[in-house]
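Asker: structure here, sequence nowhere to be found:
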């Protein structure tokens, strides 16, 4: 990740005036993960009063490949906006601020961020105007990261951005793209897809099949860099515990995905649990529960293998 060249672009932007922090000033936070005490195998709210604020809605949780930028989304004036906190060279973390890509169209929404494995691109979804598409439709966009900073976002091609919503882009180790959408070959309402990356382009998306998708809504798909497991959200399944549950599937020897296992009351609640993400170092599993960002030791994931 080109942290040095992002510094001039991301650092020093004005903070949001409407947010009241738990402290009079942003505290000195040092160390990995914004200096927070790491959790065990019981999920905890991430950075309460700092990132997860009382009375606010936060979701998503994305670290850059080198762990020095933390991005999340917050609802501002009814719209999702991307925020970030940057780890300075002295090891301290700056106060969260709105990312430049969320300032261009104030009345529109940006959410569901993901870094490319090499750190050269920031992917996200937005309902900003796009020629040929109706408003209020989420499409996948990306901004290149260069020595000039974050470039103006560009949409992915029409074979990725279809007529409906495209949600929750996720890049894996070989650069391939996972996302969720409603397509002609969808098994249910919304399915998850994979687009192979080859020769600098994304190929036609392929439905992940019945191991992941079902007759109900699927989405918010996290895939490990080596594509050995998937965590995703499903709503309305018979074994569901709430409005939206997290499920985990493992890749089998024949290349197919095992049937998704509900992650149970250890993770899921009667409300909605969504936005799964594992830190680039593989140590911690982040997700969103209701309006708060949660985290837990990623070793909990192995408990679901073979269930």
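Answerer: All right, it came through fine. Keep in mind that this is a model prediction, so the values were computed, not measured.
Asker: which parts of the stretch 51-200 of the chain are helices?
Answerer: Using DSSP state H, counting those that start in this stretch, no helices are found in the stretch 51-200 of the chain.
Asker: show me where pLDDT drops low in it?
Answerer: 149 (pLDDT under 70).
Asker: can you show me the strands along it?
Answerer: 58-63, 69-76, 79-86, 97-98, 110-115, 121-126, 139-146, 149-150, 154-155, 166-171, 177-181, 191-195, 197-198 (DSSP state E, counting those that start in this stretch).
Asker: as a markdown table, the ones you listed with distance to residue 280 and mean neighbour count would be great.
Answerer: Bear in mind the C-beta positions are built from the backbone N, C-alpha and C, glycine included. Output for the strands of the stretch 51-200 of the chain, formatted as a markdown table (distance: least, C-beta to C-beta, whole Å; neighbours: other C-beta atoms under 10 Å):
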| stretch | distance to residue 280 | mean neighbour count |
| --- | --- | --- |
| strand 58-63 | 6 | 24 |
| strand 69-76 | 11 | 22 |
| strand 79-86 | 15 | 22 |
| strand 97-98 | 22 | 18 |
| strand 110-115 | 8 | 24 |
| strand 121-126 | 14 | 24 |
| strand 139-146 | 16 | 20 |
| strand 149-150 | 19 | 17 |
| strand 154-155 | 24 | 14 |
| strand 166-171 | 12 | 24 |
| strand 177-181 | 16 | 25 |
| strand 191-195 | 20 | 23 |
| strand 197-198 | 18 | 14 |
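Asker: for residue 291, find the nearest of those strands.
Answerer: strand 58-63 (6.6 Å; C-beta to C-beta).
Asker: what does the closest one rub up against?
Answerer: Taking contacts as C-beta atoms under 8 Å, 6 or more residues apart in numbering, the residues outside strand 58-63 that touch it are 46, 51-52, 69-74, 80, 111-115, 274-275, 277, 279-280, 286-288, 291-293, 295.
Asker: as TSV, the strands of the stretch 51-200 of the chain with distance to residue 300 would be great.
Answerer: As requested, the strands of the stretch 51-200 of the chain are exported to TSV (distance: least, C-beta to C-beta, whole Å):
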stretch	distance to residue 300
strand 58-63	16
strand 69-76	21
strand 79-86	25
strand 97-98	32
strand 110-115	22
strand 121-126	27
strand 139-146	30
strand 149-150	34
strand 154-155	36
strand 166-171	20
strand 177-181	22
strand 191-195	22
strand 197-198	30
